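> Return atomic coordinates for the entry below.
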Amino acid sequence: MIIPELFDLSGQTAVITGSGKGIGEGTAKLLSEAGASVVVSSRTEEDIRKVSDEIVSAGGSAIPIVCDVTKDEQVHALAKSALDTFGTIDIWVNNVGGSTGRTPLKELSREHWDQTIALTLTSVFVGCQVAAMNMKKGSIVNISSRSSWGAVPNNSHYAAAKAGVNVLTASLGHELGPDIRCNAVASGAVPTEIFFEVMDLKPADLPAYAKETGVPLERLGSPRDIAGAVLFLCSEASSWITGEVITVSGGR
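Purely as a prediction, here's the structure:
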């Protein structure tokens, strides 16, 4: 097998949640470049139509499906739409996640804890479950975070949710094999719209932030940096990898 064939996703269908912007958008576009038909999904129709149109304009195959991953019935409908359009689901990427904001424990409300767990952990559980019910063979990739390892002061609800994603991933790697592999990518700091909001930073702050946080590669990540790891985990190149969490964080 020559190198390009190791990463060829031709004939496969990929569902990516939260793919209207940021890491999800980058992942949808890269998997399309690798040959996959892509189901672009998020809560905002305008965003996913734009991403889908750009993929099609570049010669790829894509459809936009509105889905709120905190609504179980919408996740089931997302899988049905993918099957009705493309006939198969071979790749499922659970990308949605987020935090209600950096908040010290003593000020963190139960409501914000529940919202973060629902969006960041429970949605991944539901996505994995729906994917497993509708895939005969293939790869599930969950987007985790570098925050899932070690202490994350003032953002413990988000860190705990992502740590849960890691353990869920490892468990499902065992449970779903040999036909379905389940892995995760623990992303370092990627300056998406949500990142700027949660961290209260502006684009001009990024070089100083990268230096301050001690990233050995001296820059923050991009959606395509994370998408490259997702492509690897979806491809034949990683056919003997499951239940693993790969950290992509510039070394930090």
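> C-alpha from now on. contacts and neighbour counts both.
Fine.
> So what's the residue count around the nearest residue to Lys21 once chain neighbours are set aside?
Distances taken as C-alpha to C-alpha, 6 or more residues apart in numbering place Asp47 nearest to Lys21, at 6.9 Å, with adjacent residues excluded. Close neighbours of Asp47, defined as other C-alpha atoms under 10 Å, add up to 19.
> Can you tell me the element the nearest residue to Phe125 once chain neighbours are set aside falls in?
Among residues not flanking Phe125 along the chain, Leu168 sits closest, at 7.5 Å (C-alpha to C-alpha, 6+ apart). Assigning secondary structure by DSSP states H and E places Leu168 in helix 156-176.
> Quick one: distance of that helix to the chain centre.
13 Å (C-alpha atoms, centre = their mean, to the nearest Å).
> List the neighbouring strands of the helix or strand following that helix plus their orientation.
Downstream of helix 156-176, the next assigned helix or strand under DSSP H and E is strand 180-187. Here strand 180-187 has these sheet partners by DSSP bridges: strand 138-145 (parallel), strand 245-248 (parallel).
> wait, which of those is closest to Ile180?
Checking the strands paired with strand 180-187 against Ile180 by C-alpha to C-alpha gives strand 138-145 as the closest, at 4.9 Å.
> so for the closest one, what's the average pLDDT?
Across strand 138-145, pLDDT averages out at 98.
> which non-adjacent residue is nearest Thr192?
Gly22 (5.5 Å).
> Quick check: the one you found touching Phe195?
No. Assessed by C-alpha atoms under 8 Å, Gly22 is found out of contact with Phe195, at 9.8 Å.
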